[in-house]
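Colleague: here's a sequence, model it:
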Amino acid sequence: MKTYAEMEYHPASEQLVQILCDKTQNTNPLFFRVIVAYYFCQVASMMRCNINTLDRGEIPVNMYAINLMISGGGKGRSTNIMEEQVINQFLERFTEETFHLLAEENLPILSQRRAARKSEDPDDELIRTRKEFKDLGPMVTSFDSATAPAVKQARDKLLMANAGSLNLQMDEVGSNLSSSMEALITMLELYDVGKVKAKLIKNTKDNSRVEEIKGRTPANMLLFGTPPRLLDGGKTEEEFYTFLETGAARRCIYGYARVHDKEQGLTPALILARNTDKSANSFIETLSDQLYALADISFVNKNLHVSEEVTLLFIEYQLACEARADLLPEHDDMRKAELSHRYFKAMKLAGGYAFIDSSPDLSLEHAYFAIKLVEDSGDAFEQILTRDRPYVKLARYLADIKRPVTQPDLVQDLPFYKGSQQQKQEMLQLAIAHGYQNNILIKKSYSDGIEFLRGETLVKTDLHKMRVSWSTDIAQGYRDDIAEFSKLHMMTQRPDIHWCSHYFKDGHRCDDATIAGFNLIVLDVDGGVDMNTAMTLLRDYKALFYTTKRHTAADHRFRIVMPTNYHLELDGADFKEFMHNIFDWLPFGVDDQSGQRARKWMSNAGTYTYQDGQNFDVLPFIPKTTKNETFKARVLDQQGMSNLERWVINNIGDGNRNNMLLRYAMILVDAGFDYNGVLNKITELNNKLPDKLADGELLSTVMVTAGKALAKK
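Modeller: Here you go, the predicted model:
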């Protein structure tokens, strides 16, 4: 068997698909490939085309499809082109000519059988058979909704004529799924060979049972619509997955496009040229004429021969699919079913291609054409199954809506936001957790006892685009600027420059004129810790350290400039709380006046140094978030500790206890503690750890290094 990459699509089908893509300006071909394949199989099945297999007997050509695309992608237009320009001549000839000829041929045969079985006059039975045929109503080429009894009644009409197929084509499947479930289950029964069990009803004088007609009736089904409407996370989605589990998973060919793939940059002239392209229109006209010819009665009940070579190919494909299915977990029933039955869907589709090509055989090429599309279908099915979970949709909803919302808003706008209060809170917590991992920040706030939720999509900081404003004046003339982090020293070392981490309206530096948005935090250290110690404590973080004008060797005064991992937009109150949360986290004291958005800093041509590391993680410090609530609760529990002790404990994780305790010990050495002083402090802090180091290990590792450092003093 060829590799899937080596296989190609059916040529005539692919040419038509490209025309549909051009006319709808849609660059996603899978939806149109499924549409075209469906209508080709519908044509073949209405003419009762069958595949004569060597190992499975006679199989009817038919196709079931679930084809989903975002609104505006060209579903309606492509369907109209197929029905009004491609298969229109076939349908007209079939309904006006072929179906009636076949009915006239089969009704006498049917009445003769009935008369012989009941020992009645053949002419009288023919009259009754014709009346029964007429009473069943007109033949319907396709329908968009039905009841199970109506499907069986329409099937009786086709059985009596021994022609045609049942064709369910449901648009907006998300809106119509619930009301059509009974008919859909009936259609599933018809897929394999076109048989369905009759419903037993009580026979009365006023309601007599219709005589059952033996036979097969091929059926086709096309369900299409938009993914959000069907996969809504609520009742409709649950019913859809139940429908897949019932048997649709293994029977359907899938198309799925969750994003709008409109071709960009097209001019009006180019769009007009595509819509009026003579070569495209000529191809459609030629194809329509070809399908018209296939509606001739001579093509009815065409049997496609399958050679041993093609049979072996389908068996090889079946074995390959089953081997892949065996690798899936036992509980993954739908994926297993879909994968294991791809060969059967491919066989039926190959028959449709062969009939359209007027081929007497189902060739090796037709088999490869079909397998290629069925593999694409499998990828689309996987996307449908890996749809966003309700909590993911909730997180995205909060990020996209751009305003605070309440619980009633969520209940009204989101069909999947349901259940008890506990279930809703659990979903919200999952949404918040998902947001942290996917750059979505969800904040909670309360007003008059009412909970408000607001989400925003966080943008990662680009180290080449640090936001700063600067001026030679204290309050006026601030210029917005973008700088590379590695070149910030050119501003901080330049004489007589006042600079800020925010922009200002009209360059006027004050809180009211501050424009929300920053990606730098600035810490002002006015003594209490020397710069080398601060660098040691913050050595995991990317930062610029530079000394201020009042810095001396005995009294270190400096600033720490750190890029944040995300660009944040906070109002004045939230920014102040945000910065004070950071102050509580720091292992040393800083000037708390730097918690103002409009705070400015002075440049100084002193010393500076860059430190490499990770960008500062802002998430635990943003007010009104769950992470910040957790952080505040931990600070409250650790009130009896110094900032340095708290910082060491909170930064200890798996595998770094020795390193953090050693870092703490070296800071104590630099602070002037003797050996016993360091040992007492280290032991005291170690005892506060939930998983402390053994005393022997503490002495043989941390204190050995601390002792060597003390000996060098």
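Colleague: what packs against whichever strand or helix holds Leu20?
Modeller: Here Leu20 is covered by helix 11-24, with elements defined by DSSP states H and E. Where contact means 3 or more CB pairs under 8 Å, 6 or more residues apart in numbering; DSSP states H and E, helix 11-24 is packed against helix 30-46, helix 75-81, helix 268-275, helix 278-294. Every residue, glycine included, has its C-beta placed from N, CA and C.
Colleague: just name the most buried of those helices.
Modeller: Of all the helices and strands packed on helix 11-24, helix 30-46 carries the top mean neighbour count, a mean of 27, counting by mean count of other CB atoms under 10 Å.
Colleague: closest to Arg389 out of the helices and strands packed on helix 11-24?
Modeller: Distance to Arg389, taken as CB to CB, is lowest for helix 30-46 among these, at 23.9 Å.
Colleague: what's that closest one packed up against?
Modeller: So helix 30-46, by 3+ CB pairs under 8 Å, 6+ apart, packs with helix 11-24, strand 64-69, helix 75-81, strand 219-225, strand 252-257, helix 342-356, helix 364-385.
Colleague: give the buried residues for the second one.
Modeller: The neighbour-count criterion (16 or more other CB atoms under 10 Å) identifies 64-69 as the buried residues of strand 64-69.
Colleague: just send the helices and strands packed on helix 30-46 back as a markdown table, with distance to Val468 and mean pLDDT too.
Modeller: Listed next are the helices and strands packed on helix 30-46 as a markdown table, based on distance: least, CB to CB, whole Å; pLDDT from 0 to 100:
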| stretch | distance to Val468 | mean pLDDT |
| --- | --- | --- |
| helix 11-24 | 47 | 93 |
| strand 64-69 | 46 | 95 |
| helix 75-81 | 49 | 91 |
| strand 219-225 | 50 | 95 |
| strand 252-257 | 43 | 93 |
| helix 342-356 | 58 | 97 |
| helix 364-385 | 43 | 96 |
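Colleague: which among those is found nearest to Asn52?
Modeller: Among the helices and strands packed on helix 30-46, if distance is taken as CB to CB, the winner is helix 342-356, at 10.0 Å.
Colleague: count the neighbours of the residue lying closest to Gln493 once chain neighbours are set aside for me.
Modeller: Nearest non-adjacent residue to Gln493, counting by CB to CB, 6 or more residues apart in numbering: Ala605, 5.1 Å away. Using other CB atoms under 10 Å, Ala605 has 13 other residues around it.
Colleague: ok, Ala605 to Leu520 distance?
Modeller: Applying CB to CB, to the nearest Å, the value for Ala605 to Leu520 is 20 Å.
Colleague: next: Gln407.
Modeller: Remark: distance between Gln407 and Leu520 (CB to CB) = 36 Å.
Colleague: compare those two (neighbour count), which wins?
Modeller: Shown here are Gln407 and Leu520; by other CB under 10 Å, Leu520 has more neighbours (20 against 16).
Colleague: quick one: secondary structure of the more buried one?
Modeller: Using DSSP: H, G, I helix; E, B strand; the rest coil, the structure places Leu520 in strand.
Colleague: and it, what pLDDT?
Modeller: The model reports Leu520 with a pLDDT of 96.
Colleague: what of Lys202?
Modeller: For Lys202, the model assigns a pLDDT of 62.
Colleague: check Ile474 too.
Modeller: In this model, Ile474 carries a pLDDT of 94.
Colleague: neighbours around it, how many?
Modeller: 11.
Colleague: so where's the longest strand in the protein?
Modeller: strand 557-568 (DSSP state E).
Colleague: what about that strand, average pLDDT?
Modeller: Mean pLDDT, taken over the full extent of strand 557-568, equals 95.
Colleague: okay, the angle between the helix or strand that comes right after it and strand 557-568?
Modeller: Downstream of strand 557-568, the first helix or strand assigned by DSSP H and E is helix 572-585. Per axes from the mean of the first three to the mean of the last three CA atoms, to 10 degrees, the angle that helix 572-585 makes with strand 557-568 is 120 degrees.
Colleague: following the chain onward from helix 572-585, which element is next?
Modeller: Helix 572-585 is succeeded, C-terminally, by strand 601-602 (DSSP H and E).
Colleague: touching that next one from outside, list them.
Modeller: 492, 497-500, 522, 524, 548-549, 559 (CB atoms under 8 Å, 6 or more residues apart in numbering).
Colleague: what is the next helix-or-strand element following that strand packed up against?
Modeller: Using DSSP H and E, the helix or strand that follows strand 601-602 in sequence is strand 608-611. Contacts defined by 3+ CB pairs under 8 Å, 6+ apart place strand 608-611 against helix 489-492, strand 543-547.
Colleague: give me the buried positions along the first one.
Modeller: If I follow you right, that is helix 489-492. Applying a neighbour-count criterion of 16+ other CB under 10 Å, one finds 489, 491-492 buried in helix 489-492.
Colleague: quick one on the thing from earlier: which other helices and strands contact the longest strand of the chain?
Modeller: strand 459-460, strand 518-526, helix 531-537, strand 543-547.
Colleague: starting at the chain centroid, how far to the second one?
Modeller: From the chain centre to the centre of strand 518-526 is a distance of 39 Å (CA atoms, centre = their mean, to the nearest Å).
Colleague: start at 10, not 1
Modeller: Sure, I'll start counting at 10 from here, so that last one is strand 527-535.
Colleague: that one pairs with which strands?
Modeller: strand 566-577 (antiparallel) (DSSP bridges).
Colleague: now do the last one
Modeller: Looking at strand 552-556 with DSSP bridges, its partner strands are strand 566-577 (antiparallel), strand 617-620 (antiparallel).
Colleague: want to try a markdown table for those, with distance to Arg608 and mean neighbour count as columns?
Modeller: A markdown table is the format used below for those (distance: least, CB to CB, whole Å; neighbours: other CB atoms under 10 Å):
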| stretch | distance to Arg608 | mean neighbour count |
| --- | --- | --- |
| strand 566-577 | 11 | 21 |
| strand 617-620 | 20 | 15 |
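Colleague: turn those strands into CSV, including distance to Ile136.
Modeller: Output for these, formatted as CSV (distance: least, CB to CB, whole Å):
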stretch, distance to Ile136
strand 566-577, 82
strand 617-620, 100
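Colleague: nearest to Thr545, of the ones you listed?
Modeller: Closest among the strands paired with strand 552-556, using CB to CB: strand 617-620, at 10.0 Å.
Colleague: which residues touch that closest one?
Modeller: 495, 498, 501-502, 544, 547-548, 550-556.
Colleague: mind saving the C-alpha coords of it as PDB?
Modeller: Provided in PDB are the C-alpha atoms of strand 617-620 (Å, rounded to 0.1, in the frame of the first residue of the first chain):
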ATOM      1  CA  TYR A 617      25.500  49.100  36.600                       C
ATOM      2  CA  THR A 618      25.400  45.400  35.900                       C
ATOM      3  CA  TYR A 619      23.000  43.000  34.100                       C
ATOM      4  CA  GLN A 620      22.000  39.700  35.500                       C
END
